[in-house]
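Asker: structure for the following, please:
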Amino acid sequence: MGREAGQESSGKNRNRILLTVAIFATFFIYGFYETMKGPALPRIQMDFSVTEFQLGLLLATNSLGYLIACSYTASLARRISTKACLVLSLLIITVSGVFICFSPSYTALMLSFFFLSLGNGTLEVSQGVIAAKIFTKNTGTMMNIAHFFYGAGSTISPIISTSLMAARLGEQLLSWRYLYLIVLSWVLIPALLALLSRFEKHDRDNKKAYFISLIKKPELWLIILVLAFASVCELGIGAWMVNFLEKAYSYTGEQAALRLTLFFVCLTLTRLILGPAIDKIGLINSLVIVTLFAGILTVTGVLCGEPGTVLLILTGICMAPVYPTVMAVVAKLFSTEIDYAMTIMMTVMGMFVVVANLLLGGIIQLARHIFTEKYGEAGVGMAYAAGYLLLGVSCFGAFVFALILRSKKKKAGNLV
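Answerer: Alright, predicted model coming up:
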């Protein structure tokens, strides 16, 4: 009896380790390929001769697929299991690398990125559900450690991807095309780890009842708005910082990539160090503090011109805890409905990011037209600065909703 119990305990520990390593590896690779968009975008723009608005449309299309995937993943997971969804998402991501590499036109590239974003959306929800289920102790700390691996991938991505795009294999230049082909194939490693593990299936239940119950909870919508506004800033920095620094301050690709790397160094180290402090300060209190300072640093950094680049890098310290802390809040408040809560949350966040990318690309292109007529070539940098300011404003939006959430939960006597 005792031996059987020990074997069962050993099996559970092995399974937990496999799932944990799979989640950490997935976060690392996800961070790497999401961030390499930054160095790749100027090269994509040059190869296809597209405008800033078209770049924004590419990112918006990417976000649209993510949004669609998030809307169906919870239901799909209850049919085929969360683990199967995770593996499926990783296979989609691998195949999309082939499509991106061999895209013959900009339209084909947009469709390829759309397919990749379907995998990303399915991945985001399924790995979030698994993480929430296995990180039941010190949730804030463990979520921050998981996202530390995302930050680690993001940190090394700009420098490595910039170098790889300039590298040659024989006479063949790797370029951004083969970069995507190589990096997106890495996800087969966590896919194999996930296949070797076990994760319990959900009971089939009344989906409509779950959704109706959740959408009536104001705190869920406040959490969603905090995440949506903060994500616009974090994802925007990863996608636009390199282009901003190259166009506004005439940085080389390597110089701009280094600044983006330093941003992710701040983000990564903060996630590793601040996890226990966030559990002590309180999850929601932490969200209020970091979103406020992220907004201040972003806006001030843009207004200060090139010297303000240091502040833009330091924004990573403030942005770091937002996403994992929001995930920890959701895991605490909606533990029994985590998959449906994440579906609603990621879907709305996806809508915000779609609109923000279109708006950001549109603002830059319109401002570029206006400023270049008046200030010549210097107007290009001013246009990118105007677009980048939107990211700081978005942080302030996250701060306002975090403050409202804190007030509401404190009044109810269950501030987490």
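Asker: from here on, just use CA atoms for contacts and neighbour counts.
Answerer: Will do.
Asker: what strand or helix carries the spatially most central residue of the chain?
Answerer: Taking CA atoms, centre = their mean as the criterion, Leu235 is the residue nearest the geometric centre of the chain, at 5.9 Å. Using DSSP states H and E, Leu235 maps to helix 218-249.
Asker: one step back: quickly note the distance from the residue nearest to the centre of the chain to Lys280.
Answerer: 27 Å (CA to CA, to the nearest Å).
Asker: who are the contact partners of Trp186?
Answerer: 29, 94 (CA atoms under 8 Å, 6 or more residues apart in numbering).
Asker: quick one: pLDDT of it?
Answerer: pLDDT recorded at Trp186 is 94.
Asker: quick one: it from Tyr33, how far?
Answerer: Counting by CA to CA, the gap between Trp186 and Tyr33 amounts to 10 Å.
Asker: name the nearest residue to Glu124, sequence neighbours excluded.
Answerer: Cys70 (7.7 Å; CA to CA, 6 or more residues apart in numbering).
Asker: what's the burial count for that neighbour?
Answerer: Using other CA atoms under 10 Å, Cys70 has 31 other residues around it.
Asker: now it: which helix or strand?
Answerer: helix 52-80.
Asker: what sits up against the very next helix or strand once past that helix?
Answerer: Using DSSP H and E, the helix or strand that follows helix 52-80 towards the C-terminus is helix 82-101. Helix 82-101 is contacted by residues 73, 76-77, 109, 112-113, 115-116, 118-120, 122-123, 126-127, 129-130, 176-188, 191, 194-195, 198-199, 201 when judged by CA under 8 Å, 6+ apart.
Asker: quick one, which of the residues you listed are buried?
Answerer: 73, 76-77, 109, 112-113, 115-116, 118-120, 122-123, 126-127, 129-130, 176-181, 183-188, 191, 194-195, 199 (16 or more other CA atoms under 10 Å).
Asker: how far off centre is the helix holding Leu235?
Answerer: Offset of helix 218-249 from its chain centre (CA atoms, centre = their mean, to the nearest Å): 9 Å.
Asker: what is the mean pLDDT for it?
Answerer: If you average the pLDDT over helix 218-249, you get 86.
Asker: which strands and helices lie in contact with the following helix or strand past that helix?
Answerer: Using DSSP H and E, the helix or strand that follows helix 218-249 towards the C-terminus is helix 253-281. Secondary-structure packing of helix 253-281 (3 or more CA pairs under 8 Å, 6 or more residues apart in numbering; DSSP states H and E): helix 37-48, helix 139-166, helix 218-249, helix 309-319.
Asker: go again with 7 Å.
Answerer: helix 139-166, helix 218-249, helix 309-319 (3 or more CA pairs under 7 Å, 6 or more residues apart in numbering; DSSP states H and E).
Asker: burial measure for the nearest residue to Tyr340 once chain neighbours are set aside, as a count.
Answerer: Closest residue to Tyr340 apart from its sequence neighbours, by CA to CA, 6+ apart: Ala74 at 5.9 Å. Neighbourhood size, Ala74 [other CA under 10 Å]: 26.
Asker: Ala74 contacts Met342, correct?
Answerer: No - here Ala74 does not reach Met342: they are 8.1 Å apart, not a contact under CA atoms under 7 Å.
Asker: which phi and psi does Gly170 have?
Answerer: Dihedral pair for Gly170: phi 70, psi -120, per degrees, to the nearest 10.
Asker: now the nearest residue to Leu390 once chain neighbours are set aside: how far from Cys304?
Answerer: Leaving aside its sequence neighbours, Leu390 sits nearest to Leu360 (CA to CA, 6+ apart; 7.2 Å). Relative to Cys304, Leu360 is positioned 20 Å away (CA to CA).
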